[in-house]
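In: 3D model of this:
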Amino acid sequence: MNKIMKSTFEEIGAKTGLKLDEATGTLIGVHNGYHFWVYFMQGGGYYAEVSVAKDGQPIGEETMKNARKSIAAIKSVANNGYVVTIHIKGQLKWTVIDNVTEVVRSFSDYLELNEYEDVCQVCGKPSESISSYNTQSGVNFICDDCHVDFTPPTIDEDMAEDKVVERTSLGAVGAILGSLIGVAAIIFLYKLGYVAVAAGLIMGVCTIGGYVKFGKRLSTKGIIIGGIIMAVMIYLAVKIYAIMNIVTIANEYYDVGFWEIYRYFWELIVESGSFKDVIKLLGEQYLFSGIGAIIMIVRYVKLNMFQDINYKIQ
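Out: Here you go, the predicted structure:
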């Protein structure tokens, strides 16, 4: 969890009474008698979840529609059984703090006004034993009786470790496609005069990310395949960038093309005294691309290391 998100959640917690759980990187707790779970989803934004029922029935469509209309900070509301998921507006820190606080406060008041009870998301019954459990599908609100036989659903069955075999050939294709984005970034950003770190990080993240996207899993073999592809593509990217510069300069005096320079590239680099500059460029890209790759590998490990977790938070 980065510092900005941590401070954002801490501010929200101070206003709502929810607690930051650093193991999950989310806010969990009880507000106005309702269990809430607040989290950030990459590419989607901020969400809040609560499990409620009225006379044993999940929240109604009309009730959710009216909540969306009456609470300005709500982007959308949907339910899956007793669990209500609220998509919250805002991305900037202070907007998020205000909007999440408004949703937790106002939506709990709205539920109370409409006589909805805080319930176990499995049996749909109110209980003093309802607790928050961290499972592979996220945080679940479950009573003690239901937790005994509770089997959490997977986040994505296609990603379940015991069901999916790593598809190295498709992973390699994904890594190549991702690395092409990295090649474009290296050439484009260097042309604009930006530092090597940005281009390198993009290369590393996109190459390993592409492997995971297509290969579904990431093993040591996958890391090696991704690393080899990344190394080759970095070399090509730096070489293409250097050739483009040489062609631009050479065309002021001679009529030469890209492939002519490509054929005699290293001879020209050595003769022009630019060998050390090109090697330095390659070194920078290998270093920062490696950092980008490590970021993706660590992220993958964090997402999958608790695949079978099922423990009580509070």
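
In: And what about residue 139, helix, strand or coil?
Out: Secondary structure for residue 139, judged by DSSP: H, G, I helix; E, B strand; the rest coil, is strand.

In: Tell me what it is bridged to.
Out: residue 134 (DSSP bridges).

In: From residue 68, how far out is it?
Out: Using CB to CB, to the nearest Å, residue 139 is found at 23 Å from residue 68. (C-beta placed from N, C-alpha, C; glycine too.)

In: shaky segments in this structure?
Out: 1, 42-43, 136-137, 149-165, 194-196, 301-311, 313-314 (pLDDT under 70).

In: ok, which stretches of it are helices?
Out: 3-16, 61-70, 93-113, 144-147, 168-191, 196-215, 220-250, 258-263, 265-272, 275-304 (DSSP state H).

In: Residue 122: which of these is closest?
Out: helix 144-147 (3.9 Å; CB to CB).

In: Not counting its own residues, what contacts the closest one?
Out: 120, 122-123, 127, 129, 131, 133 (CB atoms under 8 Å, 6 or more residues apart in numbering).

In: Repeat that for stretch 87-100.
Out: So stretch 87-100 is contacted by 4, 7-8, 11-12, 15-16, 38, 44-48, 72-77, 103 (CB under 8 Å, 6+ apart).

In: what about 7 Å?
Out: 4, 8, 11-12, 38, 45-48, 73-76, 103 (CB atoms under 7 Å, 6 or more residues apart in numbering).

In: Also stretch 226-237?
Out: Residues contacting stretch 226-237 (CB under 7 Å, 6+ apart): 172, 175-176, 179, 182-183, 186-187, 203-204, 207-208, 211, 282, 285-286, 289, 293.

In: which parts of that stretch are buried?
Out: Buried residues in stretch 226-237, counted by 16 or more other CB atoms under 10 Å: 226-227, 229-231, 233-234, 237.

In: Same question for stretch 215-229.
Out: Neighbour counts over stretch 215-229 (16+ other CB under 10 Å) mark 215-218, 222-223, 225-227, 229 as buried.

In: Between which two of those residues is the distance greatest?
Out: Most distant of these, by CB to CB, are 216 and 227, 18.5 Å apart.

In: so what's the residue lying closest to residue 44 once chain neighbours are set aside bridging to?
Out: Using CB to CB, 6 or more residues apart in numbering and skipping residues adjacent in sequence, the residue nearest residue 44 is residue 87, 7.4 Å away. For residue 87, the residues forming beta bridges with it (DSSP bridges) are residue 47, residue 76.
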